[in-house]
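In: show me the folded form of this:
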Amino acid sequence: MITLFIKNMVCNRCIMVVQNELDKLGLKAKNIRLGEVTLEKSPTPEEKKKLTDALDPLGFELIDDRKGRIIEKIKNSIIELVHHQDNDAKINLSDMLSDKLHHDYNYLSNLFSEVEGTTIEKYFIAQKIEKVKELLVYNELSLSQIATRLNYSSVAYLSNQFKKVTGLTPSHFKQIKNDKRKPLDEV
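Out: Predicted coordinates:
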């Protein structure tokens with residue numbers, strides 16, 4: 001078995017697309033998660049090249065370097081936390097990342113800043129704001145419920161952070177809606 005790391009896998013649809021490309025190439029996946037594919041056997045250099053060529057036009061790329069894999073794991077952990085877990089429990093981001101990636105948070109933070117040109121915290125906030133946008137567009141939850149779901153200490157704090165990031169208040173955003181949403185891999 002071998003694990004390949006793939007950049008820009010941010011949702012379940014990405015997993016389906018990657019699975020489809022693996023099937024076309026006859027590569028048997030044992031497990032596919034955000035950013036990771038575990039194959040039953042190592043691909044030949046030719047198979048790996050074909051996979052790279054198939055994934056590239058779809059916006060994915062194989063990550064061969066250690067730092068790149070760690071960065072992608074950080075991003076996918078944050079995306080999973082913000083977008084795929086209805087988790088009302090307060091969680092300490094630095095502890096969660098350190099535990100999950102088995103590295104000191106200072107190392108992870110410095111590496112992320114060096115490679116991405118932004119901090120883990122800013123990336124986390126950007127993901128949370130994208131989730132707020134999504135929930136506002138669905139119009140099923142009040143701003144108070146959204147604040148609670150995303151572990152904001154208050155509606156005012158959420159609103160201030162939303163305005164700082166987007167330049168709009170949540171209510172103004174709601175009026176103009178879909179124009180301001182970004183795909184997760186562009187956040």
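In: could you find the closest non-adjacent residue to the residue nearest the centre of the chain?
Out: Residue closest to the average C-alpha location in the chain (Cα atoms, centre = their mean): I79, at 3.2 Å. Distances taken as Cβ to Cβ, 6 or more residues apart in numbering place V10 nearest to I79, at 5.4 Å, with adjacent residues excluded. All C-beta spots, glycine's among them, are computed from the backbone N, C-alpha and C.
In: wait, a helix at the one you found?
Out: No: V10 sits outside any helix when classified using DSSP: H, G, I helix; E, B strand; the rest coil, being coil.
In: for it, the count of nearby residues, please.
Out: V10 sits with 23 neighbouring residues when counted by other Cβ atoms under 10 Å.
In: now do it against E116, distance only.
Out: Per Cβ to Cβ, to the nearest Å, V10 is found 15 Å from E116.
In: I figured the residue nearest to the centre of the chain hits Q127, correct?
Out: Yes: between I79 and Q127 there is a contact under Cβ atoms under 8 Å: 6.2 Å.
In: show the pLDDT at L184.
Out: L184 carries a pLDDT score of 59 in this model.
In: that older thread, just confirm the residue nearest to I79 contacts V17, I think it does.
Out: No: judged on Cβ under 8 Å, V10 makes no contact with V17 at a distance of 11.2 Å.
In: before we move on, back to that, show me what whichever strand or helix holds the residue nearest to the centre of the chain is packed up against.
Out: Using DSSP states H and E, I79 sits within helix 66-83. Helices and strands touching helix 66-83, by 3 or more Cβ pairs under 8 Å, 6 or more residues apart in numbering; DSSP states H and E, are strand 2-7, helix 93-101, helix 105-116, helix 120-138.
In: nearest to A156, of those?
Out: Closest to A156 of those is helix 120-138 (Cβ to Cβ; 13.8 Å).
In: identify all contacting residues around the closest one.
Out: The contact list for helix 120-138 (Cβ atoms under 8 Å, 6 or more residues apart in numbering) reads 74-75, 78-79, 82-83, 93, 97, 108-109, 112-113, 116, 141, 143, 146, 149-150, 158, 161-162, 165-166, 170, 173-174, 177-178, 180-182, 184, 187.
In: and the helix holding I79, what's its mean pLDDT?
Out: Average pLDDT, helix 66-83: 88.
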